[in-house]
Structures are given as structure tokens and as C-alpha cells.
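Trainee: the sequence isn't on hand, but the structure is:
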């Protein structure tokens with residue numbers, strides 16, 4: 001504060017009063033010295049007053065500038081004491097409010113920092129999901145989407161640089177689901193639907209879910225939408241439907257024959273003993289066919305689920321191969337198919353489950369016989385290659401089309417062109433692959449040419465286990481495994 005501003009109102013009245021006193025003294029005393037003495041006295045008093053006032057102003061200014069003096073005795077501030085006391089009180093109140101505001105701001109900043117970290121971690125967690133996630137506000141404007149959603153929108157629109165808000169407009173089915181959820185009551189504010197989205201030129205099935213999001217006070221705050229890719233699930237459902245259809249057909253055919261011939265026998269419509277014996281033989285064959293089909297289904301389910309007991313032991317692979325040839329010798333002879341053994345003269349040690357690995361080889365041999373015309377050849381080779389034993393099952397049959405090879409080891413899949421050649425359920429090769437890869441840590445591959453034949457190559461690690469037989473037993477005991485051919 002400018003001290004001149006404070007002193008001016010005091011000096012001007014004092015000077016005016018001094019001049020008036022001089023004039024009055026001159027008129028009253030008629031002596032020149034009297035007015036001068038009066039004026040000098042007035043100036044002295046004024047000077048003393050100004051000095052005192054200035055000291056008090058300096059003391060007051062010091063109190064205002066230095067917080068450590070505000071609690072001291074304010075009597076030195078003189079005429080400013082009362083005013084200064086009020087100012088100090090106001091300053092204390094202001095400082096207390098300032099400290100409170102600073103404290104609140106600090107806490108709010110800390111809370112905001114914590115919330116930002118939580119939101120960032122949540123976004124990072126959502127970005128790890130394979131499922132696209134979308135968050136929309138109450139006006140259905142997109143406010144957040146994770147990385148999977150970004151990839152999906154880029155695949156749908158074909159433009160990865162398109163802004164998210166514009167790309168969202170291309171998801172018509174999902175937008176309709178979000179609108180449906182937003183307009184529903186709280187009792188039914190979740191919606192689920194299956195959508196077909198065209199991504200990168202291919203139409204895929206997705207399961208979409210939309211749910212309303214509410215604030216703490218119960219007001220609608222937005223909508224969350226989640227997409228799950230169910231293309232594999234849809235394919236699996238299709239495979240299972242094909243499997244059920246195939247199994248139903250395989251079961252109905254022998255059952256219908258059994259029923260028809262049984263009715264003939266029950267009605268005594270067949271008098272010739274030889275003919276009756278022929279019918280009974282046919283019924284027995286159909287029962288055997290049904291038994292084999294049921295066993296195939298059960299064996300595949302047991303092996304894949306881990307219920308069946310796995311007993312691995314140190315054996316010679318050629319021993320398994322020779323035993324497998326014995327099993328398929330009869331059906332090969334019935335079709336006049338020659339099985340050519342080209343087994344290695346070396347000892348091929350391996351740690352295998354004799355029954356399960358034998359089942360895999362039998363399935364391959366059985367398929368080779370089944371899809372090779374009469375008079376054909378099936379070769380079984382074994383050899384050592386680096387640290388692996390390689391087993392080849394080769395035929396000169398009808399072969400497999402190139403477009404069917406990628407799906408050949410899928411469950412329930414059967415080559416459409418070969419369906420009429422032999423009956424089957426599509427489980428045989430899937431079981432072979434599971435036994436070779438999952439149980440014996442091996443690999444299987446196939447090469448084929450239509451009308452020239454196919455070659456299935458199985459690779460398993462060579463070597464025995466020093467600690468003897470390793471057994472991996474399931475929690476429940478399974479029936480003894482039967483070495484029987486399983487349909488492709």
C-alpha cells in the first residue's frame with residue numbers, strides 16, 4: 001500500500017488548520033512573531049504525528065507481509081490495530097479455506113490418478129480378450145472398443161483406417177441388438193442373438209450379447225456389447241449333425257435287414273433248411289456289423305475323453321506291425337488284396353501302448369483294404385529315420401481328392417467321393433491321429449493321388465524308457481481294448 005495515500009488525508013487538514021491558526025493569531029495578537037510561533041508549533045505537531053503514523057503504518061505492513069508476526073502484539077500498529085486485527089482474521093480464514101481447497105484438490109488428483117490407472121488396466125485386460133467388446137453411451141454413440149473390436153471392424157469394412165464411429169455404422173445387426181437392449185426395461189435389459197458378419201470376404205457366425213449399464217442411482221449409463229466367434233462351434237454342430245445322420249443310416253440299414261429276415265423266420269415262410277441257414281448267417285453278419293459300429297463309437301469316446309487306460313511299454317515296433325497284419329489278413333484275403341511287408345531288419349525300439357498303437361495301424365490297414373479294389377496291393381513299411389521310426393501304409397486304391405486332405409483327420413468327416421465305396425462313420429482316422437499325436441507324441445501325414453492310391457506315414461520317437469514301463473491310468477477303469485478295425 002502507498003503510504004502517501006494514507007498520509008495525504010491527514011496532512012492537508014493539518015496544514016489548513018495551521019494556516020487558519022496563523023491568521024487568527026495575527027488578528028488577535030497584532031504581533032508578527034505570534035503567528036510564526038503558532039505555525040511552527042503546528043508544523044512540529046504535524047511532523048511528529050506523521051512520523052508516528054508512518055511507524056505504525058510500517059508495523060502494520062510488516063504484520064501483513066510476515067505471517068510469523070500476525071500472532072504477536074498488534075499494539076505497535078496504533079490506529080491500524082483494530083483494522084489490522086480484522087484483516088488478520090480474514091487472512092486466517094482465507095488461508096484455512098485455501099489449505100482445505102488444496103487438500104481437496106490433492107485428494108481429487110490422487111483419486112483421478114487412481115481411476116485413470118484402473119481404467120487403463122481394465123482397457124488392457126479387455127484388449128487381451130479374443131472377443132470384440134463395444135461400449136456405447138445412452139445415445140448409442142461408440143465410446144470404447146477393444147483391440148479385437150478394432151480388428152473386427154477393419155475386417156468388416158475392409159478399411160483399417162476408417163474411424164471407429166464410422167466403422168460402427170456398418171455393424172447393422174449389432175446396432176439393432178444394442179437398440180433393442182437400450183429400450184427394454186431393467187427386468188429384460190439383456191439381449192442375445194446370432195449374427196452373420198461378412199469379414200474379409202467370408203461370412204462368419206457370431207453370438208452377440210448386449211446389456212444395459214446403470215449408474216449408482218439406477219439411471220441408464222450406456223450399453224455394453226460383446227461378440228463371440230462361433231464359427232468353429234457352428235462347424236462342429238454341422239459335423240455332429242452329419243455324424244448323427246451317418247450313424248443313424250449305419251444303424252438303420254442292418255437293423256432293417258435283421259428285422260425283415262427275422263420276420264421271415266418267425267412266420268415260417270422259409271421251409272428250406274439251407275435257405276434258413278443262409279438267412280441266419282446274414283443276420284449274424286449284420287449283428288457283427290452293428291457290434292463293430294458300437295465298439296468304434298465307444299472306443300473313440302473312451303480314448304478321447306481319457307477314460308480308457310493307457311499302458312505304455314518298451315517294445316519293438318515291428319512286433320506291433322506283424323500283429324496288426326494278422327488282424328486284417330482275413331478281409332484282405334476276401335478281396336484278394338496282397339499285403340506286402342517291407343519291415344525294417346533293424347530293431348525299432350519305442351515306448352508304446354501295444355493295443356492302442358496297434359489299433360491305429362489296424363485302422364490304417366483296414367482303410368487301405370476297404371478303399372482298394374479287388375486284386376490290389378497294400379504295402380506296410382517300417383524304417384528308422386534320425387531319432388524317429390517311420391511307418392508307411394500305402395495302397396494303390398481310389399485315392400483321395402486334394403481338397404479333402406485338409407479335413408481328412410477331422411471327426412465325423414468322410415470323403416464325399418468315397419462314400420459309396422465303403423460304409424463308415426468318419427471316426428477311424430480321427431482316432432488314429434489322436435492315438436499317434438496325443439498319446440504317443442508322434443505325427444501323421446498323408447499323400448494321395450486320385451485313382452493311384454494313398455500313403456499314410458506315421459512317425460513316433462525311437463527309444464526305450466530306462467525306468468521301465470510308464471503307465472498313465474484314468475481315474476476309472478475301462479474295459480479291455482479290442483483290436484478291431486475302425487471305420488474311416
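Mentor: Received the coordinates, thanks. Predicted model, so just to flag it, every value in this text is computed and none were measured.
Trainee: any idea how many residues pack against residue 434?
Mentor: 19 (other C-beta atoms under 10 Å). Where C-beta positions appear, they are placed from N, C-alpha and C, glycine not excepted.
Trainee: can you tell me how far it sits from residue 442?
Mentor: 11 Å (C-beta to C-beta, to the nearest Å).
Trainee: now do the SS call for residue 257.
Mentor: Under DSSP: H, G, I helix; E, B strand; the rest coil, residue 257 falls in the helix class.
Trainee: surely it and residue 285 touch.
Mentor: No: Residue 257 is beyond contact range of residue 285, at 9.1 Å (criterion: C-beta atoms under 8 Å).
Trainee: the more surrounded of those two?
Mentor: Ranked by neighbour count (other C-beta under 10 Å), residue 257 and residue 285 place residue 257 first, with 16 against 13.
Trainee: ok, now which ones touch that one?
Mentor: Going by C-beta atoms under 8 Å, 6 or more residues apart in numbering, residue 257 touches 282-283, 286.
Trainee: residue 203 - that's part of a helix, no?
Mentor: No: secondary structure of residue 203 (three-state DSSP): strand, not part of a helix.
Trainee: for it, which non-adjacent residue is spatially closest?
Mentor: Spatial nearest neighbour of residue 203, chain neighbours left out: residue 196 (5.3 Å); criterion: C-beta to C-beta, 6 or more residues apart in numbering.
Trainee: surely residue 404 touches residue 417?
Mentor: Yes: Residue 404 is within contact range of residue 417, at 7.5 Å (criterion: C-beta under 8 Å).
Trainee: so what pLDDT did residue 484 get?
Mentor: On pLDDT, residue 484 comes in at 47.
Trainee: next one: residue 203
Mentor: At residue 203, the model reports a pLDDT of 79.
Trainee: with residue 7 instead?
Mentor: According to the prediction, residue 7 has pLDDT 50.
Trainee: also the one 3 residues further on?
Mentor: At residue 10 the predicted local confidence, pLDDT, stands at 53.
Trainee: outline the domain layout of this protein.
Mentor: Domain segmentation of the chain under automatic domain parsing yields 1-126, 129-229, 235-296, 307-472.
Trainee: ok, of those domains, where does mean pLDDT dip lowest?
Mentor: Of all the domains of the chain, the minimum mean pLDDT falls on domain 1-126 (a mean of 68).
Trainee: so residue 362 makes contact with residue 322?
Mentor: No: using C-beta under 8 Å, residue 362 is not in contact with residue 322, being 11.9 Å away.
Trainee: which one's more surrounded, those two?
Mentor: residue 362 (23 against 13).
Trainee: so what secondary structure elements neighbour the one helix or strand that one maps to?
Mentor: Residue 362 belongs to helix 354-370 when assigned by DSSP states H and E. Packed against helix 354-370, as judged by 3 or more C-beta pairs under 8 Å, 6 or more residues apart in numbering; DSSP states H and E, are the following elements: strand 310-316, helix 317-334, strand 377-385, strand 388-395, helix 428-433, strand 453-461.
Trainee: could you dump the ones you listed to TSV with distance to residue 353?
Mentor: As requested, those are exported to TSV (distance: least, C-beta to C-beta, whole Å):
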stretch	distance to residue 353
strand 310-316	5
helix 317-334	10
strand 377-385	18
strand 388-395	15
helix 428-433	13
strand 453-461	11
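Trainee: among those, which is nearest residue 295?
Mentor: With C-beta to C-beta as the measure, helix 428-433 is the member of the helices and strands packed on helix 354-370 nearest residue 295 (11.6 Å).
Trainee: and the next element down the chain from that closest one?
Mentor: Next along the chain after helix 428-433, taking DSSP H and E as the criterion, comes strand 443-449.
Trainee: who touches that next one?
Mentor: Taking C-beta under 8 Å, 6+ apart as the rule, strand 443-449 contacts 399-400, 402, 405, 408-409, 432-433, 436-437, 454-459.
Trainee: list only buried entries from the contacts of residue 257.
Mentor: 283, 286 (16 or more other C-beta atoms under 10 Å).
Trainee: and of the contacts of residue 257, the nearest to residue 135?
Mentor: Using C-beta to C-beta, residue 286 comes nearest to residue 135 of those, at 61.1 Å.
Trainee: now the closest one: which helix or strand?
Mentor: Short version, using DSSP H and E: residue 286 is in helix 273-305.
Trainee: just checking, what packs against that helix?
Mentor: With 3+ C-beta pairs under 8 Å, 6+ apart as the test, helix 273-305 has helix 231-266, helix 428-433 packed against it.
Trainee: between that helix and strand 310-316, how many degrees?
Mentor: Relative orientation of helix 273-305 versus strand 310-316 (axes from the mean of the first three to the mean of the last three C-alpha atoms, to 10 degrees): 100 degrees.
Trainee: help me confirm that residue 340 is found in a strand?
Mentor: Yes: according to three-state DSSP, residue 340 belongs to a strand.
Trainee: OK, contacts around it?
Mentor: For residue 340, the contact set (C-beta under 8 Å, 6+ apart) comprises 377-380.
Trainee: what's the spacing between it and residue 388?
Mentor: In this view, residue 340 and residue 388 are 22 Å apart by C-beta to C-beta.
Trainee: what of residue 461?
Mentor: Taking C-beta to C-beta as the measure, residue 461 falls 6 Å from residue 388.
Trainee: which neighbours do those two share?
Mentor: Taking C-beta under 8 Å, 6+ apart as the criterion, residue 461 and residue 388 both touch residue 442.
Trainee: mind checking which of these two has more residues around it?
Mentor: Between residue 461 and residue 388, counting by other C-beta under 10 Å, residue 388 is the more crowded of the two (17 against 14).
Trainee: which SSE is residue 160 in?
Mentor: Residue-wise, residue 160 maps onto no helix or strand under DSSP H and E.
Trainee: tell me how many other residues crowd the residue lying closest to it once chain neighbours are set aside.
Mentor: Excluding the flanking residues, the one nearest residue 160 by C-beta to C-beta, 6+ apart is residue 154, at 4.0 Å. By other C-beta under 10 Å, 17 other residues sit near residue 154.
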